[in-house]
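Enquirer: Next input, structure requested:
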Amino acid sequence: MIPKVAPLILLVPLLTFPSGTDAVESARVVIPQHVTTGENVTMVCEFDLREDFDPKNLGVYWQCITDNKVESVCSYYNGTDSLEKQAPRFRNRTTLAVNPWRAILTLQNATLLDSGIFQCTIKYKWPASDSDVLSVSARYQPLQLTVRYEDGTAVLQCVTEGGFPLGKVIWYYQDGRRLNQTWSVMNYTRSDRTFLIKSTLTLKSEEETSVCCSVIHRALKENITSCLKIPGKRYKC
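Expert: Now for the predicted structure:
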């Protein structure tokens, strides 16, 4: 589980707040634990006001912090959205719904680059802030499992790509027995930050058997699997 991040109060002086007549008591950000690329993400900023709500006196400021870089996601004040300072990568991807208790940010078509700390600052005379971490994952494509034969030995290769973070490769017999053989794994990082995984297993057996390759996606708690039948007669000299 991703630990809760302490509010980044140091960011508050960077913002310019409208004047107001009442104070906000607290703020709390809630972000989904698991998000995959292409999904729409709903982030909720809950807050408590000490007095009656007047939208014209409310300021809402969502920011994203990645690699020590602070970017404006969206803002709301004077009763309307304000997108003048919105970072280019968030343009046409955000909607903000505001009521007396919540400021709900929807981020469309999540990408791996959206992973980071999202901070919500509520201003109703005095500011209150909270933040949480958004972690975006990518699912791996279906496995491509192939075999070739060299001198009575089966050489199996398991390939998948497009996933993030890096998956774990496991080989085993289809009936669940563990393989005693060792296998090699080569990982490549693509330009979009996703991984290409290639794993090779060398297997020698005189009996027909079925072998499976699985790639475990720990963040999403799921795995993809492909199995292949190896005819034992190919190994006989």
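Enquirer: what are the C-alpha coordinates of stretch 76-88, in CSV please?
Expert: As requested, the backbone C-alpha atoms of stretch 76-88 are provided in CSV (Å, rounded to 0.1, in the frame of the first residue of the first chain):
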residue,chain,number,x,y,z
TYR,A,76,-11.0,27.5,-9.3
TYR,A,77,-11.8,30.9,-7.8
ASN,A,78,-14.3,33.7,-8.0
GLY,A,79,-16.9,31.0,-8.7
THR,A,80,-15.4,29.7,-11.9
ASP,A,81,-12.6,27.6,-13.3
SER,A,82,-9.3,29.4,-14.0
LEU,A,83,-6.9,27.6,-16.4
GLU,A,84,-4.5,30.4,-17.3
LYS,A,85,-1.6,28.7,-15.5
GLN,A,86,-2.5,25.1,-16.4
ALA,A,87,0.5,23.0,-17.5
PRO,A,88,0.2,22.2,-21.2
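Enquirer: Buried residues in it, which are they?
Expert: Across stretch 76-88, burial judged by 16 or more other Cβ atoms under 10 Å covers Y76, Y77, S82, L83, Q86. Backbone N, C-alpha and C define where each C-beta goes, glycine included.
Enquirer: I'd like the residues you listed as JSON lines, with distance to L196 appended.
Expert: As requested, these are arranged in JSON lines below (distance: Cβ to Cβ, whole Å):
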{"residue": "Y76", "distance to L196": "42"}
{"residue": "Y77", "distance to L196": "45"}
{"residue": "S82", "distance to L196": "42"}
{"residue": "L83", "distance to L196": "37"}
{"residue": "Q86", "distance to L196": "34"}
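Enquirer: Does S131 belong to a helix, a strand or coil?
Expert: strand (DSSP: H, G, I helix; E, B strand; the rest coil).
Enquirer: Let me see the contact set for D114.
Expert: For D114, the contacting residues are V41, C64, L107, L134, V136, by Cβ atoms under 8 Å, 6 or more residues apart in numbering.
Enquirer: Quick check: beta-bridge partners of the most centrally placed residue in the chain?
Expert: For the chain, V136 is the residue whose C-alpha lies nearest the centre (Cα atoms, centre = their mean; 1.1 Å). Counting by DSSP bridges, V136 is bridged to V35.
Enquirer: and this structure, what are its domains?
Expert: If you go by automatic domain parsing, the domain ranges for the chain are 9-137, 144-235.
Enquirer: quick one: low-confidence ranges for the protein?
Expert: When residues are selected by pLDDT under 70, those of the chain lie in 1-25, 50-51, 53, 232-237.
Enquirer: hmm, try it at 80
Expert: Applying pLDDT under 80 to the chain flags residues 1-26, 49-56, 125-126, 205-206, 232-237.
Enquirer: from the domains of the chain, which stretch is densest packed?
Expert: Mean neighbour count, computed with mean count of other Cβ atoms under 10 Å, is highest for domain 9-137 among the domains of the chain, reaching a mean of 17.
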